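**Q** all I have is the shape, not the residue letters:
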């Protein structure tokens, strides 16, 4: 009988062996494409990593890794420059209930490693009620069971394929400042944590180099969370100058979701029927913080790659979704099935998909 290991902080260590295979796949040319991440490179300065800082003076022995008493920064910290007006945008992102919970988790003491637990996987397909209310997704024993049945190696293969597709996509790659970070591993740990299987993503965040944002003359250390990561994506140096700093738009979210579900399909995730039914709702919930008009397109995005003709048209167009990018959102909504055109959020009394199961 199949057994599944519990993913705890030990999962982070297990990524070491997976990363060897991941790097080989990431560095090769993949005809199927790449994925997208919003954070920029954290490594030390190099031609590939122009965002990292260099100390303007020699660092005294014993002071390495400490904050500068004058500037308040770390010598190797990354600084993202933005306009003063952008600070309000970052604060608004951090007010999202799910992101606020992630910030609180990082401020908590580290969770000690737990003993390895083996559990039996369910054989019959048993769908799980989507558990989100008051603006926030809540993990429970059922979501934890779902993620354990899938397993961390499967998640990593899925997210690696997604990032490969995003890196190759003309539109999404502009939001990714660097391909060098372990984006897909972090994404896999985030999914595991949001489904309730320990805090591997939070523990991994504790080890990341410091990042700062400059709002005019004010410098603020930012948390290692989705708000600061996506804020950095808005200010990616790859973006067109007249769009630099703009929020994600519905077409950005639609392309992202299509690539995401395409990667899921290619890596066999849709064979996990109960997980993918829940996970599609999960994406429909979380995509709303980046574009409030994007959730209605979640199910269409999941269906898109089921037709090989759609994928081939995309590849023939040079990896550009010409039927999505720049399209009027009201016109796009009108093309969806009538029952998929509305999004109420989780706080509505008569909430629509993905919350209608309550």
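**A** Nice, thanks for sending it over. Quick caveat: nothing in here was measured; it's all calculated off a predicted structure. Numbers count the residues shown, from 1 in each chain.
**Q** quick check: residue 318 touching residue 170?
**A** Yes. Counting by CB atoms under 8 Å, residue 318 does reach residue 170; the two are 6.5 Å apart. In short, each C-beta sits where N, CA and C put it, glycine included.
**Q** who has more neighbours, the two?
**A** residue 170 (13 against 9; other CB atoms under 10 Å).
**Q** list the contacts for the more buried one?
**A** 318, 319, 320 (CB atoms under 8 Å, 6 or more residues apart in numbering).
**Q** which phi and psi does the second one have?
**A** Backbone torsions of residue 319, given as degrees, to the nearest 10, read phi 60, psi 50.
**Q** does it touch residue 166 like I think?
**A** No. Shown here, residue 319 and residue 166 do not form a contact pair, counting by CB under 8 Å, at 10.2 Å.
**Q** those two: who's more crowded?
**A** residue 166 (26 against 18).
**Q** show me what the host helix or strand of the more buried one is packed up against.
**A** Element membership for residue 166 (DSSP states H and E) is helix 152-168. Applying 3 or more CB pairs under 8 Å, 6 or more residues apart in numbering; DSSP states H and E, one finds that helix 152-168 contacts helix 10-27, helix 183-194, helix 250-266.
**Q** count of neighbours near residue 287?
**A** 24.
**Q** quick one, what contacts it?
**A** 253, 256, 257, 294, 295, 298.
**Q** can we see that at 10 Å?
**A** Shown in contact with residue 287 (CB atoms under 10 Å, 6 or more residues apart in numbering): 248, 250, 253-254, 256-257, 260, 293-295, 297-298, 301, 343.
**Q** okay, the residues you listed in TSV with neighbour count next?
**A** Compiled in TSV, these are given as follows (neighbours: other CB atoms under 10 Å):
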residue	neighbour count
248	18
250	22
253	23
254	28
256	25
257	24
260	28
293	18
294	25
295	26
297	28
298	27
301	24
343	23
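**Q** what is the nearest of those residues to residue 159?
**A** residue 260 (9.0 Å; CB to CB).
**Q** check which residues of stretch 144-155 are buried.
**A** Neighbour-count burial for stretch 144-155, counted by 16 or more other CB atoms under 10 Å, picks out 144, 145, 146, 147, 148, 149, 150, 151, 152, 154, 155.
**Q** can you say which helix or strand has the residue nearest to the first one when sequence neighbours are not counted in it?
**A** Read that as residue 144. Nearest non-adjacent residue to residue 144, counting by CB to CB, 6 or more residues apart in numbering: residue 196, 4.0 Å away. Counting by DSSP H and E, no helix or strand carries residue 196.
**Q** go ahead and confirm residue 196 touches residue 146.
**A** Yes. Between residue 196 and residue 146 a contact is recorded at 9.1 Å, counting by CB atoms under 10 Å.
**Q** what touches both of the two?
**A** Joint contacts of residue 196 and residue 146 (CB under 10 Å, 6+ apart) are residue 139.
**Q** isn't residue 158 right up against residue 184?
**A** Yes. The criterion here is CB under 10 Å, and residue 158 meets it with residue 184 at 8.4 Å.
**Q** who has more neighbours, the two?
**A** residue 184 (28 against 23).
**Q** kindly provide the distance from the more buried one to residue 249.
**A** Distance, residue 184 to residue 249, by CB to CB, to the nearest Å: 24 Å.
**Q** need the contact list for the nearest residue to residue 138 once chain neighbours are set aside.
**A** Once flanking residues are discounted, residue 138 sits nearest to residue 131: 5.0 Å by CB to CB, 6+ apart. Shown in contact with residue 131 (CB under 10 Å, 6+ apart): 137-140, 142-143, 196, 278, 281-282, 285, 346, 355, 357-358.
**Q** which among the residues you listed end up buried?
**A** 137, 139, 142, 143, 196, 278, 281, 282, 285, 346, 355.
**Q** make TSV from those and add secondary structure to it.
**A** Shown next, in TSV, are those (DSSP: H, G, I helix; E, B strand; the rest coil):
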residue	secondary structure
137	strand
139	coil
142	helix
143	helix
196	coil
278	helix
281	helix
282	helix
285	helix
346	coil
355	coil
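**Q** distance to residue 309 added to the residues you listed, as JSON lines?
**A** What follows is the buried ones among the contacts of residue 131, written out as JSON lines (distance: CB to CB, whole Å):
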{"residue": "137", "distance to residue 309": "34"}
{"residue": "139", "distance to residue 309": "37"}
{"residue": "142", "distance to residue 309": "36"}
{"residue": "143", "distance to residue 309": "34"}
{"residue": "196", "distance to residue 309": "38"}
{"residue": "278", "distance to residue 309": "28"}
{"residue": "281", "distance to residue 309": "27"}
{"residue": "282", "distance to residue 309": "28"}
{"residue": "285", "distance to residue 309": "30"}
{"residue": "346", "distance to residue 309": "35"}
{"residue": "355", "distance to residue 309": "33"}
